[in-house]
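**Q** Structure for this input, please:
(one chain, ligands or ions: 1)
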Amino acid sequence: MKTSMYFGIFGGQYVPETLVPALDELETAYLGTLDDASFNGELLALLQNYSGRPTPLWFAPRITESLGGAKVYLKREDLNHTGAHKINNALGQVLLASKMGKKRIIAETGAGQHGVAVATAAALFGLECVVYMGEEDVHRQAPNVARMHLLGTKVVSVLSGTRTLKDAVNEAIRDWVTNVEDSFYVIGSVMGPHPYPPMGIFHAFIGDPGVALVGVEAAGRGVDTGLHAATISGGKPGVLHGSYSYVLFDEDGQIQPAHSISAGLDYPGVGPEHSHLAATGRATYVSVTDDEAVEAFHRTCRLEGIIPALESSHALAHVYRTAAALPKETIVLVNLSGRGDKDMDTILSL
Ligand SMILES: Cc1ncc(COP(=O)(O)O)c(C=O)c1O
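**A** Okay, here's the model as predicted:
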């Protein structure tokens, strides 16, 4: 049985005809794994023994004390092998690719965390791997480019457009259309055409009305400056990279270039499930500027002894501005999606 392609009105498969058989093949293979005890046992063992899951839930004593309001907990996804939540998805997709008999892995990356995770999984499974990365990101996330090279992956520097994540996705899709027979495209976020990855940390809580869900977008230099990546706050529904979702458009209806200090958030779209959660009011989306994220980065280093990724620093910034006003018995859980080693150059050059 096929699963629904849509979250409300969002999602779908807006792809060239040549890719439809590949998406069908992927969905059939994916559905086949759901009740496959051997596949699930293998994935669980990889997640536990290779990646180090389940990652701990850390009560952040000094952050909590400094705010004097809600209790703040951090989901320590930064402690995963390769330093971010991206490895969960990469291991699952590369395991599936190997079961499907694919010989070649394609991925795109912004911050390089997804690229490193896929390069890692491809090395583990002995598969060829090519990662597309915008030239600007190749520079600002240089340590991750070096890691991918060490892992035996070819990193292709993308020179089109803003030379960031959107352009890397364009090139990865172009490669996939050309090499669809033997290649598997490991998409790095909750985006792309159905059946690509569904929701991350929100997933377990969507059905629990007692839990408020808050997504934090990158406001870059400010949503009213036009230099931002706050897609839900500043965009409207449209099609980008295979699905119908909130997208940033300029006044001519073209995709508006995004801006964020954080390479992993520097993208003019957002996944369809987020769009649906926003449109139905189940989740609230707020935004945080580059400056606020950098301040939260430093504050977390000094208060908690944890160097967070710039992406995760956006979520932390929202906690710093809101948790003081919440009752002491409220629990705030922040997905600390990754560690900040990759961002040292960016931070030190400010
Ligand atoms: C550490 C970290 N957090 C978050 C993200 C954003 O991706 P997603 O929205 O898929 O979690 C990235 C993307 O590269 C990342 O590296």
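**Q** What residues does the stretch 51-200 of the chain have near the ligand?
**A** Residues of the stretch 51-200 of the chain found near the ligand (C-beta under 6 Å from any ligand atom) are A84, G110, A111, Q113, H114, S189, V190, G200. For the C-beta atoms, the positions are set from N, CA and C on the backbone; glycine is no exception.
**Q** Sorry, wrong one. I was asking about the stretch 201-350 of the chain.
**A** Counting by C-beta under 6 Å from any ligand atom, the stretch 201-350 of the chain comes close to the ligand at G264, L265, A309, E311, S312, S337, G338.
**Q** hmm, back to that, could you dump the residues of the stretch 51-200 of the chain next to the ligand into JSON lines and include pLDDT, neighbour count and secondary structure?
**A** Supplementary listing: these in JSON lines, determined by pLDDT from 0 to 100; neighbours: other C-beta atoms under 10 Å; DSSP: H, G, I helix; E, B strand; the rest coil:
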{"residue": "A84", "pLDDT": "98", "neighbour count": "28", "secondary structure": "strand"}
{"residue": "G110", "pLDDT": "95", "neighbour count": "29", "secondary structure": "coil"}
{"residue": "A111", "pLDDT": "94", "neighbour count": "28", "secondary structure": "coil"}
{"residue": "Q113", "pLDDT": "96", "neighbour count": "29", "secondary structure": "helix"}
{"residue": "H114", "pLDDT": "98", "neighbour count": "29", "secondary structure": "helix"}
{"residue": "S189", "pLDDT": "96", "neighbour count": "21", "secondary structure": "coil"}
{"residue": "V190", "pLDDT": "95", "neighbour count": "19", "secondary structure": "coil"}
{"residue": "G200", "pLDDT": "85", "neighbour count": "19", "secondary structure": "coil"}
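**Q** what's the closest of those residues to G269?
**A** Taking C-beta to C-beta as the measure, G269 lies nearest S189 of those, at 9.3 Å.
**Q** domain parsing for this protein?
**A** The chain breaks down into these domains under automatic domain parsing: 6-51+86-186, 57-82+200-348.
**Q** Now tabulate these in CSV and tack on distance to H194.
**A** As requested, the domains of the chain are arranged in CSV below (distance: least, C-beta to C-beta, whole Å):
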stretch, distance to H194
domain 6-51+86-186, 5
domain 57-82+200-348, 7
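**Q** where do the strands sit along this structure?
**A** Taking DSSP state E as the test, the strands found in the chain are 6-7, 10-11, 57-59, 71-76, 104-109, 128-134, 154-158, 183-186, 213-220, 236-240, 243-247, 283-289, 331-336.
**Q** any chance of those strands in TSV, plus mean neighbour count, mean pLDDT and distance to E295?
**A** Shown next, in TSV, are the strands of the chain (neighbours: other C-beta atoms under 10 Å; pLDDT from 0 to 100; distance: least, C-beta to C-beta, whole Å):
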stretch	mean neighbour count	mean pLDDT	distance to E295
strand 6-7	19	96	34
strand 10-11	24	97	33
strand 57-59	13	98	21
strand 71-76	21	98	16
strand 104-109	27	98	26
strand 128-134	24	98	26
strand 154-158	18	98	31
strand 183-186	26	98	34
strand 213-220	23	98	13
strand 236-240	15	97	30
strand 243-247	25	98	27
strand 283-289	20	98	9
strand 331-336	20	98	16
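**Q** With distance to L350 added, can I get the ones you listed in a markdown table?
**A** Shown next, in a markdown table, are those (distance: least, C-beta to C-beta, whole Å):
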| stretch | distance to L350 |
| --- | --- |
| strand 6-7 | 38 |
| strand 10-11 | 36 |
| strand 57-59 | 27 |
| strand 71-76 | 24 |
| strand 104-109 | 23 |
| strand 128-134 | 20 |
| strand 154-158 | 24 |
| strand 183-186 | 32 |
| strand 213-220 | 15 |
| strand 236-240 | 30 |
| strand 243-247 | 29 |
| strand 283-289 | 13 |
| strand 331-336 | 21 |
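**Q** Indicate which one of these is closest to V169.
**A** Nearest to V169, of all these, is strand 104-109, at 4.7 Å by C-beta to C-beta.
**Q** helices or strands up against the closest one?
**A** Secondary-structure packing of strand 104-109 (3 or more C-beta pairs under 8 Å, 6 or more residues apart in numbering; DSSP states H and E): helix 86-99, helix 113-125, strand 128-134, helix 165-178, strand 183-186.
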